[in-house]
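Participant: curious how this folds, go ahead:
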Amino acid sequence: MQESRPFNNLLCALREPDYALIAPGLFAAQHSVGDVLYNPGEDVEIVHFPCGPAMASFVVSDEDGREVETALIGREGAVGGVISNGSLPAYTRIAVKFGGHFACINVSDLHAAKRKSPTLQNWFDRYADCLLSQIFQGTACNAMHSVEQRVAKWMLAAAERLGHDVVPFTHEELAALLGAGRSHTTRALRAFGAQGLIVTRRGSVLLRDSAALKKIACSCNDLVKHHFEEVLSGVYPNRSG
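Facilitator: As a prediction, the model looks like this:
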């Protein structure tokens, strides 16, 4: 990966001529946990590329105000107009899950660069396919797998992207990712704690035995990673990058 580029794998893996097309339009932003990038119906005018440990999520609400997070996007991708060809309204709320640096570009600037380069257009088309796989797999996971399997999966996925074993999840945040009640999430965390797999702290969870958690977790995250590897090799993050 190129040290001069933002620490976003999707940007770092671009061919030099393609990166040169978008580099002049890139600008940096700093966001904190809970910052809302877009609300439903708002015009999406800026693409946000999470860098390093920063992450954002797509949040869908029902008519009763209950929320489910349908995808967690880290440095393997981007949110907000990255795959569209112009300014369109947001369908979901897009919020910052883990704060940090974001590389940003106006949707119009990215669209203009894609018009100049078929390979750049193809790159983001491929990312669109990978993003769809995350959403498809997340939907299936919520329907088919137990709360315990999904808690283990989300904690491992977050730790892998963060690069360390302290995951800044509260019980409420995990429950939103699961689309489950807080009580179900708390029971799963207590069971993992009793087995010595995790230690819960105020606002975070320490993973003490990732190998054991992986045996409990469903394979959904591995399936998404495999699809990324097939479509955008080397972009999905691991502990080393």
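
Participant: right, and residue 72 touches residue 54 too?
Facilitator: No: using C-beta atoms under 8 Å, residue 72 is not in contact with residue 54; the gap is 11.3 Å. Quick note: C-beta positions are derived from backbone N, CA and C, even for glycine.

Participant: which one's more surrounded, the two?
Facilitator: residue 54 (27 against 21; other C-beta atoms under 10 Å).

Participant: you'd agree the more buried one is up against residue 75?
Facilitator: Yes: applying C-beta under 8 Å as the test, residue 54 and residue 75 come out as touching, 7.3 Å apart.

Participant: give me the low-pLDDT residue ranges for the chain?
Facilitator: Scanning the chain with the threshold set as pLDDT under 70 gives 1-3, 85-86, 179, 239-241.

Participant: which residues touch the most far-flung residue of it relative to its centre?
Facilitator: Computed with C-alpha atoms, centre = their mean, the maximum C-alpha offset from the centroid of the chain is found at residue 194, amounting to 29.1 Å. Contact analysis of residue 194 by C-beta atoms under 8 Å, 6 or more residues apart in numbering lists nothing.

Participant: what do you get for residue 123?
Facilitator: 14, 18, 232.

Participant: out of these, which is nearest to residue 66?
Facilitator: Using C-beta to C-beta, residue 232 comes nearest to residue 66 of these, at 32.9 Å.

Participant: which helix is the longest one in this protein?
Facilitator: If you go by DSSP state H, the chain has its longest helix at helix 118-144.

Participant: who are the packing partners of the helix or strand that that helix is followed by?
Facilitator: Sequence order places helix 147-162 as the next helix or strand after helix 118-144, per DSSP states H and E. Packing partners of helix 147-162 (3 or more C-beta pairs under 8 Å, 6 or more residues apart in numbering; DSSP states H and E): strand 67-73, helix 118-144, strand 166-167, helix 171-178, helix 182-194, strand 204-207, helix 210-216, helix 220-231.

Participant: okay, buried residues for the fifth one please.
Facilitator: Judged by neighbour count using 16 or more other C-beta atoms under 10 Å, the buried positions of helix 182-194 are 184-186, 188-189, 192.

Participant: how close does residue 141 sit to residue 93?
Facilitator: 20 Å (C-beta to C-beta, to the nearest Å).

Participant: among those two, which residue is more densely surrounded?
Facilitator: Neighbour totals were compared for residue 141 and residue 93, and residue 141 leads with 21 against 18 (other C-beta under 10 Å).

Participant: what sits against the more buried one?
Facilitator: 150, 153, 218, 220.

Participant: how many other residues sit next to the first one?
Facilitator: Meaning residue 150. 26.

Participant: domain assignment for this protein?
Facilitator: 9-117, 146-217 (automatic domain parsing).
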